[in-house]
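*Asks:* below are the sequence and a predicted model for it; my questions follow.
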Amino acid sequence: MTITLLIWFTGLVALLGVGRRLMLRLQLSRAKHRSLAGHPRIGRRLARLVPFYEYDEAEFFRTDDAPEPIAEQRRAAFRRLAALYAQRFTSTVRQTNEVQGEISDLEFTARYRVPFQFSRFVRQHLNTGSFVVSSSGPITTDLDGNERYDLTGSYGVNLFGYDFYKGCIERGSARVRDLGPVLGAYHPVTAENVHRLRALSGLDEISFHMSGTEAVMQAVRLARYHTNRRFLVRFCGAYHGWWGEVQPGAGNPVTERDTLTLKDINERSLQVLGSRRDIACVLVNPLQALHPNASAPADSTLVESSQGAGFDRAAYTAWLQRLRQVCSDRGIVLIFDEVFLGFRLARGGAQEYFGVRADMVTYGKTVAGGLPIGVLCGRSEVMKRFREDRPADICFARGTFNSHPYVMGAMAEFLDHLDAPATLACYEELDTVWNGRAAGLNERLSAAGLPIRVANLSSVWTVCYLQPSRYHWMFQYYLRAENLALSWVGTGRLIFSLDYTDADFAAVADRFVAAARQMEADGWWWANPALTSKAIKRRVLREMLRSRLHRPSDRSTGPSASTAALDSKA
C-alpha cells in the first residue's frame, strides 16, 4: 500500500511538473509578437530560404503594374536623377569606388540601401559616395563641395552639433596632454567623470568599456552572475548591439539559447515575467517607444507601407512603471539601454524623462564628447565582479582601452556642457520645439496632398508612408538630390542635432517638401487601387517562390540588359 501511494504521489508530482512546463510554454508563446521579429529562430530559418532575384529594366519601373506611360515617366525621371548624381558627386563617388571592395562596411551598406530586387540597378546609377571632408553647424561638405544638411546624427553621436564635439575633443585632449595615452592607471579627470555620472544616473558604480555593445554585454553578464538565472528578456524589434544574445534572428549565425523575445507594451509579457523563476534581466531600449515591436526602420526593407510609427509618452511611461514593479517583485534586473538615445530626451536620460529608475543603465555614443565609449552604471549589489565568501567565483571583464585618457578628457567637456545654463534651458523646451517642428512639416505635407508624414520621438524622426507602393524607397534619393544627408537606412531614421536653428530647420523642411513634390510628379506614387500592402506582400512572396523553384520569369533578368537599356536612352 505504501509503495502504491508513493508511486501515485510521484506520478502526480511529475504530472504537475509537466503541466506547469506546458503552461509556461503556452504563456511564453502568447507573449511573443506575431511577426518574424517576435520569432527570431523562425526568422533566421526563413532568411536562409529567401532566394536572390532581381528585376530587369522593363520590370524595374512597373512592378506595381503601372501603365506604360507611367513607367516611361519614371524611366525618364530616373535618367535625370542619375545624370544629376553623376555630375554632382563625381569625386566623392570615385573615392568611394576605389575602396568599396576593401572596406567591408561599405560593401554591405551599399547593397542594403534599397530592397534587394532593385539594388544592383540602383547602385549602378545612383551613388552619392561615402566621403565628407568638413562640417560646420548642421552642414557637412563632401569631396565635390556639396553642402548638405546632416540628418544622420552620426547614428546618435551628434546630439549638440559637430562644432561642439570638435571643441570637446580639442579641449579634452588639452586636459590630458601631459599624460598622453597611458593605460591601466587613471587620469584624475576620470574620478570627476565618475562622480558626475553617478549623479546623472542615480546609480552607485560605474564601469567603462570601448563600445555600447560591450557595456550591454557586461550588464547582462553581471545580471546573470548575481541572480544565478539563465534568461535575458528583450522586446520585439529592439536593438542592443550585434552580439549573439541580444541580436537574435536574421543577421546572427548563432542560435540564441538564453534569450526570450517578448511583445513590447503588452500584458502577456508581464505575465511571463511574473511567473518564471529563471529570468535574470530585462533589456529596454527606450527608442522602441517610437515603433514598438518593430525593428529599426530602413528603406532596404520598404517593400510596402504597413509599417507605422508614433510616440505616446503617457502610455510608454505607464508601461515602464508596470515593468519596473514586476522586475522588483521578481528580483529581475531592469536594464535601460540608452546607448543610442543617451541624453537626447533629458539631461538625466530616459530615467528622468519617463520617471522610472532602472537597476542598470548603459550609455555610449555622445557621452564621450565624440570619441568611442561604452558606460555601464548600476546599483552596487549588481555591479561587483566577485563574491566575498567565494574568492574564485568572479565575473571577469576588462578592456585595454577602457578609460583612455583622451576619451575621459572629452567626456569631461561633454558633462560640463550638460550643466551649462543654456543646455538646461534647451532641455526645458525640447519637446515643444521638436514636436512643433514635426507637426508643422506634417501640416505642409497634408496641405500639398503628399502621401507621407513624419513621426518623432523628440529629435529622432522616421518617415511614414500613407498609401501602398513598391517605390517608397526612392524618396531617399530625392532627398539626397535636395542636399539632405541621410544615413544608409535612408528615410527610416532621421536624427537631428540640437543645434538646428529655426532657420536651419525651415531650410530642411523646404527641401523635404520639394523632394516629395518631385517624387510625386515623376510618377513613383502612382496609385494602383488593387495593390494593397497585403497584395504587395503576396506578390513578393510569389516571386520568391518562383525564383526558389527556378521557374523562368520576366522579372529575373540579369543586370547587363537593364544597364544597356538605360544607358542607350540617357
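*Replies:* Nice, thanks for sending it over.
*Asks:* tell me the secondary structure for W525?
*Replies:* Following DSSP: H, G, I helix; E, B strand; the rest coil, we place W525 in the coil state.
*Asks:* use 281 as the first number for this chain going forward.
*Replies:* Got it, the first residue is 281 from now on, which makes the last one we talked about W805.
*Asks:* what sits against it?
*Replies:* P731, Q747, S749, Y751, M799 (Cβ atoms under 8 Å, 6 or more residues apart in numbering). Backbone N, C-alpha and C define where each C-beta goes, glycine included.
*Asks:* for it, phi and psi?
*Replies:* Phi and psi for W805, reported as degrees, to the nearest 10, are phi -100, psi 20.
*Asks:* could you do A503 as well?
*Replies:* Dihedral angles (degrees, to the nearest 10) for A503: phi -60, psi -40.
*Asks:* that one - how many residues pack around it?
*Replies:* 25 (other Cβ atoms under 10 Å).
*Asks:* now the two most distant members of the contacts of W805.
*Replies:* Q747 and M799 (12.5 Å; Cβ to Cβ).
*Asks:* measure G803 to Q756 for me?
*Replies:* 17 Å (Cβ to Cβ, to the nearest Å).
*Asks:* what of N508?
*Replies:* 48 Å.
*Asks:* who has more neighbours, those two?
*Replies:* Using other Cβ under 10 Å as the criterion, N508 and Q756 rank with Q756 on top: 25 against 8.
*Asks:* so what's the most centrally placed residue in the chain up against?
*Replies:* Per Cα atoms, centre = their mean, the C-alpha nearest to the average position across the chain is that of A576, at 4.4 Å. Residues in contact with A576 (Cβ under 8 Å, 6+ apart) are G517, Y519, V769, G772, R773.
*Asks:* find the nearest non-adjacent residue to the second one, please.
*Replies:* Ranked by Cβ to Cβ, 6 or more residues apart in numbering and with sequence neighbours excluded, the top spatial neighbour of Y519 is A576, at 5.7 Å.
*Asks:* just say helix, strand or coil for the one you found.
*Replies:* coil.
*Asks:* name the element the residue nearest to L695 when sequence neighbours are not counted belongs to?
*Replies:* Nearest non-adjacent residue to L695, counting by Cβ to Cβ, 6+ apart: R476, 4.8 Å away. Using DSSP states H and E, R476 sits in helix 469-481.
*Asks:* for V526, grab phi and psi.
*Replies:* Taking degrees, to the nearest 10 as the convention, V526 sits at phi -110, psi 0.
*Asks:* correct me, but it touches T539?
*Replies:* Yes: the pair V526 / T539 is scored as a contact, 6.9 Å apart, by Cβ atoms under 8 Å.
*Asks:* out of the contacts of A576, who's nearest L737?
*Replies:* Looking across the contacts of A576 and measuring by Cβ to Cβ, the closest to L737 is R773, at 10.4 Å.
*Asks:* what's the end-to-end length of stretch 432-446?
*Replies:* 17 Å (Cα to Cα, to the nearest Å).
*Asks:* for stretch 639-653, same thing?
*Replies:* End-to-end for stretch 639-653, by Cα to Cα: 20 Å.
*Asks:* what comes up buried for it?
*Replies:* 639-651, 653 (16 or more other Cβ atoms under 10 Å).
*Asks:* right, and the pair among those residues with maximum separation?
*Replies:* D639 and G650 (28.9 Å).
*Asks:* of Q747 and M799, which one has the most company?
*Replies:* M799 (23 against 14).
*Asks:* pretty sure that one is touching W753, no?
*Replies:* No: the criterion here is Cβ under 8 Å, and M799 misses it with W753 at 10.9 Å.
*Asks:* returning to what we had before: overlap in contacts, V526 and T539.
*Replies:* With Cβ under 8 Å, 6+ apart, V526 and T539 have common neighbours L512, R514.
*Asks:* who's more crowded, the two?
*Replies:* Comparing V526 with T539 by other Cβ under 10 Å, the one with more neighbours is V526, at 23 against 19.
*Asks:* skipping adjacent residues, who's closest to the more buried one in space?
*Replies:* H520 (3.9 Å).
*Asks:* mind putting the buried residues of stretch 639-653 into TSV with distance to L725, secondary structure and pLDDT?
*Replies:* Shown next, in TSV, are those (distance: Cβ to Cβ, whole Å; DSSP: H, G, I helix; E, B strand; the rest coil; pLDDT from 0 to 100):
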residue	distance to L725	secondary structure	pLDDT
D639	42	coil	98
M640	40	strand	98
V641	36	strand	98
T642	36	strand	98
Y643	35	strand	97
G644	34	strand	94
K645	30	helix	91
T646	30	helix	95
V647	35	helix	96
A648	37	helix	96
G649	36	coil	95
G650	34	coil	94
L651	38	coil	95
I653	38	coil	95
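*Asks:* residues touching the residue lying closest to I775 once chain neighbours are set aside, list them.
*Replies:* The shortest distance from I775 to any non-neighbouring residue, by Cβ to Cβ, 6+ apart, is to G433 (2.6 Å). If you count contacts by Cβ under 8 Å, 6+ apart, G433 has them with L439, S739, V740, S767, I775, F776, S777.
*Asks:* G716 versus the fifth one, what's the distance?
*Replies:* So that's I775. For I775, the distance to G716 - Cβ to Cβ - is 18 Å.
*Asks:* over to the fourth one?
*Replies:* When Cβ to Cβ is applied, the distance between S767 and G716 equals 24 Å.
*Asks:* give me the more crowded residue out of these two.
*Replies:* S767 (20 against 13).
*Asks:* which residues does the residue lying closest to that one once chain neighbours are set aside contact?
*Replies:* In this structure, S767 finds its nearest non-sequential neighbour in T432, 4.2 Å apart by Cβ to Cβ, 6+ apart. By Cβ under 8 Å, 6+ apart, the contact list for T432 reads N438, A765, L766, S767, I775.
*Asks:* perfect, I'm done here.
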